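Asks: Please work out how this folds:
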Amino acid sequence: MGSIGPLCVTSNGNTLNTVTISGTGDNEISMDRNVICQVGNQGLFTLLSLHSKSTATSTAYRPSRYQYNPGTHAWTNITMSAAYKRNVSSDTLCTVNGSSSTLMHIYKGNQFTLSSEIAVSSEYRVPNFIPHQFHLRNVLGPLCVASNGVTLYVVASSGSGDNETIILAQSNGAPTSLANLSWTIIATTPQKTLSTPPGLAMDGQVGCFVSSQGVFTLLSVSTKPPEYNEILNSPAGFQYNPATKIWISVDVSSDYGWRVVGRDALFEVEKDGSSALIHAFKTNRNSETTSTAVFNTGLHTMVEGHATRALPASSGSLGQYAATSYNLFVTSYNVSRGTVYVNVENPALNGSLAAYPEPSLLTTLNVKNVCDLKDSNFKTVVRRATYYLFCGNSDRTSFRWFTYDGNQSLTHSLDKLARTTAYGFLPLGPAGGAVTWAFMYDTLGVYGVTLMGPEVGA
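Replies: Below you'll find the model as predicted:
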């Protein structure tokens, strides 16, 4: 090797930082994926080597790490606990900023498992993952959050380039508030093995769904394909099956009609002992029609049937979708009247809507002067036989939600700080019990709101 051996190069997006060794002996450490580094707050530089040389002369074949603090000009050796499991180069370093800063090392435990573990600052491994500061998208970017009404599932991106990792985590079952919400990693995989959303898209261009079997599916309007640097203006996504522990990329059929951001729903239809994953969306071929696609498990492809359904003429502009395992709730609106219409469809296993009568009108809601129903400013969801519409005003400084349970509609204001979108609104409750609160997220952070009882809206 030469007289100067580069060990690692990293960047904060503006400045490059490199650590090198000059001389002989120690410069046998190569600049490959055995070494990772990161620049955190106040320029604190951290390096981690898979195989490290001790301060003596022998090489210790276990991870070690050191830091340099430019404020104090001090170098510090940091060693790992004896239980530290990292022995392959599938990992990333990141700094999470909450009420205090935490240096995190996310790594694949060994060569024979898909599970990941986390070490936090002092290197004690903990089961929790993904802090509540979701808005720190430069650290761990949530691509999408899904829910079955009891448990939350989040898919996030960490790292960049060849080191970018897709992380799937789930919450504890039936959390009652943000205070007792915790996260556990289900699986990780390198981004370059999948078709993933470009950047850190936390809005309507990404949709996700978790099935009754725990299979997680994500679709994005535009994607970054495996081993490909350019962004494609074509829908695609990925799926993870916890039973087989396999990740797959999900393609779409040719001339796929989904291009309208935020106007779609992924859901599972169950009929006669069978089930099908369906994608319903506002088609780009006709602005007020719904098209559906069904997931072909053999081809790993969402196949659009091109059997579209037009809204009833009196229902205004097509807005949002929500679904249960039997019904598709199509929300439309008339801006001048300030009226929302909720029509119910009954999809077949092949995704067809045409096989059934015209959608039946479930209810109308008066949102005039309260909600600005466009873009990502409103969201609909159905939980435990109750329909929810969550929306914000035109300047997105106040939000409220409407409910309809088949008998009456109610409205509640949200007593929270200003948000930026209404995209993330996920009602939760215990299995078989009533929904009690909603988990919400946007680019400012995460929130929890009580949906019933004397503290409703808080």
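Asks: quick one, helices of this structure?
Replies: Assigned by DSSP state H, the chain shows no helices.
Asks: List the contacts of residue 42.
Replies: Neighbouring residues of residue 42 by Cβ atoms under 8 Å, 6 or more residues apart in numbering: 69, 70, 71. Just so you know, the C-beta spots here come from the backbone N, C-alpha and C atoms, and that holds for glycine as well.
Asks: Mind checking which of these are in strands?
Replies: Cross-referencing these against strands under DSSP state E gives residue 69.
Asks: Just the buried residues of the contacts of residue 42.
Replies: Neighbour counting with 16 or more other Cβ atoms under 10 Å marks none of the contacts of residue 42 as buried.
Asks: Check the contacts of residue 42 for the minimum pLDDT and say which it is.
Replies: Across the contacts of residue 42, the smallest pLDDT goes to residue 71, namely 77.
Asks: Can you give the domain ranges for this protein?
Replies: Structural domains assigned to the chain are 4-96, 127-244, 253-355, 367-458, following automatic domain parsing.
Asks: would TSV of the ones you listed with distance to residue 104 be doable?
Replies: Putting the domains of the chain into TSV (distance: least, Cβ to Cβ, whole Å) gives the following:
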stretch	distance to residue 104
domain 4-96	5
domain 127-244	8
domain 253-355	30
domain 367-458	18
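Asks: So which of these is nearest residue 105?
Replies: domain 4-96 (5.5 Å; Cβ to Cβ).
Asks: so the residue nearest the centre of the chain bridges to which residues?
Replies: Nearest to the mean C-alpha position of the chain, by Cα atoms, centre = their mean, lies residue 144 at 2.2 Å. Per DSSP bridges, the residues bridged to residue 144 are residue 155.
Asks: Now stretch 413-424: average pLDDT?
Replies: For stretch 413-424, the mean pLDDT works out to 71.
Asks: End to end on that stretch, go ahead and measure it.
Replies: Stretch 413-424 has its terminal residues 16 Å apart, counting by Cα to Cα, to the nearest Å.
Asks: same check, this time on stretch 195-213
Replies: OK, stretch 195-213 end separation, Cα to Cα: 22 Å.
Asks: follow-up on the earlier one: relative to residue 209, how far out is the residue nearest to the centre of the chain?
Replies: Applying Cβ to Cβ, to the nearest Å, the value for residue 144 to residue 209 is 9 Å.
Asks: Residue 453: neighbour count?
Replies: As a burial measure, residue 453 scores 10 neighbours (other Cβ atoms under 10 Å).
Asks: Leaving out the residues flanking it, which one is nearest to it?
Replies: residue 436 (7.6 Å; Cβ to Cβ, 6 or more residues apart in numbering).
Asks: How about residue 403?
Replies: Of all residues not flanking residue 403 in the chain, residue 410 sits nearest, at 5.1 Å (Cβ to Cβ, 6+ apart).
Asks: Retrieve the pLDDT associated with that neighbour.
Replies: Value for residue 410, per-residue pLDDT: 85.
Asks: That one touches residue 400, doesn't it?
Replies: No - look at residue 410 against residue 400 with Cβ atoms under 8 Å: they stay out of range, at 10.5 Å.
Asks: Which one of those two is surrounded by more residues?
Replies: residue 400 (18 against 11).
Asks: can you tell me which residues contact the nearest residue to that one once chain neighbours are set aside?
Replies: Once flanking residues are discounted, residue 400 sits nearest to residue 413: 4.6 Å by Cβ to Cβ, 6+ apart. Residue 413 makes contact with 398, 399, 400, 457, according to Cβ under 8 Å, 6+ apart.
Asks: quick one: which of these has the most company?
Replies: The most crowded member of these, judged by other Cβ under 10 Å, is residue 399 (26 neighbours).
Asks: what are the bridge partners for that one, then?
Replies: Here residue 399 sits in beta bridges with residue 392, as judged by DSSP bridges.
Asks: what's the answer for residue 323, then?
Replies: Taking DSSP bridges as the rule, residue 323 bridges to residue 328.
Asks: Surely it and residue 264 touch.
Replies: No - checked against Cβ under 8 Å, the pair residue 323 and residue 264 is beyond contact range at 10.4 Å.
Asks: these two touch, right, residue 48 and residue 92?
Replies: No - judged on Cβ under 8 Å, residue 48 makes no contact with residue 92 at a distance of 10.0 Å.
Asks: circling back to that earlier point, can the contacts of residue 42 go into a markdown table with extra columns for distance to residue 348?
Replies: Converted to a markdown table, the contacts of residue 42 look like this (distance: Cβ to Cβ, whole Å):
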| residue | distance to residue 348 |
| --- | --- |
| 69 | 63 |
| 70 | 63 |
| 71 | 65 |
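Asks: Just name the closest of the contacts of residue 42 to residue 216, please.
Replies: Closest approach to residue 216 among the contacts of residue 42 (Cβ to Cβ): residue 69, at 40.1 Å.
Asks: Leaving out sequence neighbours, find the closest residue to the closest one.
Replies: Leaving out its chain neighbours, the residue that sits closest to residue 69 by Cβ to Cβ, 6+ apart is residue 44, at 5.6 Å.
Asks: Just give the number of residues close to that neighbour.
Replies: If we define neighbours as other Cβ under 10 Å, then residue 44 has 18 of them.
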